[in-house]
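Undergrad: Sequence first, then the predicted structure:
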Amino acid sequence: MHLPCRRRTPAARPGLPPACGRGRASRHRPVPGDLPGAPASPLKLTILGKWSPYPPAGGACPGYLVEADGVRILLDCGSGTVSSLHRVGTAFDLNAIVISHLHPDHFTDIYPLRNELAYGRLPDPPAPSVPLFAPAGAAGYLAACLPKPESRQEFTAGFSFRPLEDGVGAVGQVRLRFVMTSHPMPCHGVEISAGGRRLVYSADTGPCEALERLAAGCDLFLCESTLLEGDEHLAGRLGHLSGGMAGAAAQRAGVKRLLLTHFFTPRHAVKESSAAAAKLFGDVRVADEGVTYEV
């Protein structure tokens, strides 16, 4: 986020822009691709949080749980994400974490998550280190706010840091790709693919050709929608999209479905954003916290 600045019931597991382990699973709500009688998708997305730059009552900042082939990946870790995660599992279920960039609304719950991994099963020892895909230099940046050298060392030892700048990654049979988006600080969009299905996450971005190329033809495009309709002139400076701009990007990329997220907490206009996107792209939904979507 760079601006001047609900629920989950446990159940069975279930014109071109400028370049630029185990846990409880979710209750499913029918969406296109997740209809009664339709084949189950090998790739699932659960919305843990969708707000920025701070969480409202009962909500959370950006955080998403992706499940495929027995692998669980936490995609961003904003304020409130760990609490939301506990409605469906625990930090011990995670096989990897991705932090798209180092604006606080996307990473601050990494500290309570690390505390859970370190102390959540006392007197047992801490969990093994978890792969953490993050921007280069993230280890030092994230540890810098901790007061003592031993605290910083303990924190960084809890993760195996892998730079997003490598462009690719893998967690078991799940494949990851990363591209730089258009944002005031280094930020990466993420593609997660498994079983022939592709999820692409915009992270934070203004108009960005590289992101649209990554998203081309994907099964589900999880795209930010921060700006209010009418504020599109701020997109380049702030590095964000409106709902209408997200719809246009989805149309250009030829994605199959569009799921809007990253709504501006103080003045959100979710219905307006969705309506603006729908004028340009037919199959659009608003991300609903606590809901699992089949990709």
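TA: Received the coordinates, thanks.
Undergrad: what does the model give the nearest residue to G158 once chain neighbours are set aside for pLDDT?
TA: The shortest distance from G158 to any non-neighbouring residue, by Cβ to Cβ, 6 or more residues apart in numbering, is to R114 (5.0 Å). In this view, the C-beta of every residue, glycine as well, is placed from N, C-alpha and C. Looking at R114, its pLDDT is 98.
Undergrad: what about R114, is that helix, strand or coil?
TA: helix (DSSP: H, G, I helix; E, B strand; the rest coil).
Undergrad: Number of residues surrounding it?
TA: 25 (other Cβ atoms under 10 Å).
Undergrad: All the helices of the stretch 1-150 of the chain, in order from the start?
TA: For the stretch 1-150 of the chain, the helices defined by DSSP state H, counting those that start in this stretch occupy 81-85, 110-119, 138-143, 149-157.
Undergrad: That should have said the stretch 151-295 of the chain, apologies.
TA: 209-215, 235-238, 243-253, 270-278.
Undergrad: rewinding a little: these two touch, right, the residue nearest to G158 and A157?
TA: No: using Cβ atoms under 8 Å, R114 makes no contact with A157, being 9.7 Å away.
Undergrad: pLDDT weak spots in this structure?
TA: 1-39 (pLDDT under 70).
Undergrad: ranking the helices of the stretch 151-295 of the chain by burial, who's on top?
TA: Neighbour counts (mean count of other Cβ atoms under 10 Å) averaged over each of these peak at helix 243-253, with a mean of 24.
Undergrad: Go ahead and produce PDB holding the CA coordinates of that one.
TA: C-alpha atoms of helix 243-253 as PDB (Å, rounded to 0.1, in the frame of the first residue of the first chain):
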ATOM      1  CA  GLY A 243     -11.900  -1.400 -10.200                       C
ATOM      2  CA  GLY A 244     -12.400  -0.200 -13.700                       C
ATOM      3  CA  MET A 245      -8.600  -0.300 -14.400                       C
ATOM      4  CA  ALA A 246      -8.500  -3.900 -13.000                       C
ATOM      5  CA  GLY A 247     -11.300  -4.900 -15.300                       C
ATOM      6  CA  ALA A 248      -9.500  -3.400 -18.300                       C
ATOM      7  CA  ALA A 249      -6.300  -5.200 -17.300                       C
ATOM      8  CA  ALA A 250      -8.200  -8.500 -17.000                       C
ATOM      9  CA  GLN A 251      -9.800  -7.900 -20.400                       C
ATOM     10  CA  ARG A 252      -6.400  -7.200 -22.100                       C
ATOM     11  CA  ALA A 253      -4.800 -10.200 -20.500                       C
END
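Undergrad: What is the distance between that helix and the centre of its chain?
TA: 18 Å (Cα atoms, centre = their mean, to the nearest Å).
Undergrad: now that helix and helix 270-278, what's the angle there?
TA: 30 degrees (axes from the mean of the first three to the mean of the last three Cα atoms, to 10 degrees).
Undergrad: tell me what helix 243-253 is packed against?
TA: helix 209-215, strand 220-224, strand 258-261, helix 270-278 (3 or more Cβ pairs under 8 Å, 6 or more residues apart in numbering; DSSP states H and E).
Undergrad: For the shortest one, give me every contacting residue.
TA: In this case it means strand 258-261. 45, 47, 50, 62, 220-225, 243, 246-247, 250, 270, 273-274, 277, 281, 283-287, 293 (Cβ atoms under 8 Å, 6 or more residues apart in numbering).
Undergrad: Now do the contacts for the closest residue to Y141 other than its chain neighbours.
TA: What sits nearest to Y141 in space, not counting adjacent residues and going by Cβ to Cβ, 6+ apart, is L102, at 5.9 Å. By Cβ under 8 Å, 6+ apart, the contact set of L102 is 134-135, 138, 141-142, 185-186.
Undergrad: okay if I get those residues as TSV plus neighbour count and distance to P207?
TA: Supplementary listing: the contacts of L102 in TSV, determined by neighbours: other Cβ atoms under 10 Å; distance: Cβ to Cβ, whole Å:
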residue	neighbour count	distance to P207
A134	24	24
P135	21	21
A138	23	26
Y141	13	27
L142	23	29
M185	11	17
P186	16	17
